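Novice: What follows is a predicted structure for the sequence shown.
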Amino acid sequence: METQKTTNSKKVGKNQIVFIKYSEVDKGQHYLTMVDSYRNILGRAYKSYNPDTKNFEIKIEDHNGKPMFSEPFANDWSMEKAVLQNKDQLMKDAHQRRLEAKGKDQSISKVIDQDAEKKLKKAVKQSQSKPEVEKQPDKVELRQEELHQVREEQERVSDHDEPEIEV
């Protein structure tokens, strides 16, 4: 019996276009979304009825809402064919947007960190410049003191209200 050797070769992932079609769509909503393997939106397809030609037309808009193609398509397969012909450019654009967004996120977090550091330094300076205030009792201590006063008041009232019993 002969056995074949299997090699564990690592598959190289390719970025592909994924067409996501929705089963139920309201008027004015997109019925198809095109994304890459990283789930970056490449475009959305809208289907509308043209009363002049008495047919449906498919228009594709990019992630910003701008038309991707000048002419509308008559059916899904012609639209998909046109998108696949331009997939290299669409993928490059999506990849560039993802890198820019990642860079913006990092720069925003740096700004937030700098602001937090400035506020912390300011708070430290203020606390060092102020003279120490005598310690104020916390809420628990205040509550215990109030409870003690109420109990003393109840005892005084109860002592005066007791009737004298003669034996």
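Specialist: Thanks, I have it. For clarity, every value in this text was computed on a predicted model and none was experimentally measured.
Novice: May I have the strands that pair with the strand ranked longest in the chain, each with its orientation?
Specialist: Looking across the chain with DSSP state E, the single longest strand is strand 41-50. Sheet pairing of strand 41-50 (DSSP bridges) gives strand 32-35 (antiparallel), strand 55-62 (antiparallel).
Novice: Give me the pLDDT value at the residue nearest to residue 25 when sequence neighbours are not counted.
Specialist: Spatially, and ignoring its direct neighbours in sequence, residue 25 is nearest to residue 31 (4.4 Å; C-beta to C-beta, 6 or more residues apart in numbering). Any C-beta I mention is one placed from the backbone N, CA and C, and that applies to glycine too. Among the per-residue scores, residue 31 holds a pLDDT of 87.
Novice: now residue 51
Specialist: 90.
Novice: Can you classify the closest residue to residue 40 other than its chain neighbours by secondary structure?
Specialist: The shortest distance from residue 40 to any non-neighbouring residue, by C-beta to C-beta, 6+ apart, is to residue 94 (4.2 Å). Assigned with DSSP: H, G, I helix; E, B strand; the rest coil, residue 94 falls in the helix class.
Novice: do you know how far residue 94 is from residue 154?
Specialist: To residue 154, residue 94 is 75 Å away according to C-beta to C-beta, to the nearest Å.
Novice: okay, those two: which has more neighbours?
Specialist: Taking neighbours as other C-beta atoms under 10 Å, residue 94 and residue 154 compare with residue 94 leading, 24 against 10.
Novice: Hmm, the more buried one is touching residue 42, no?
Specialist: Yes: using C-beta atoms under 8 Å, residue 94 is in contact with residue 42, at 5.6 Å.
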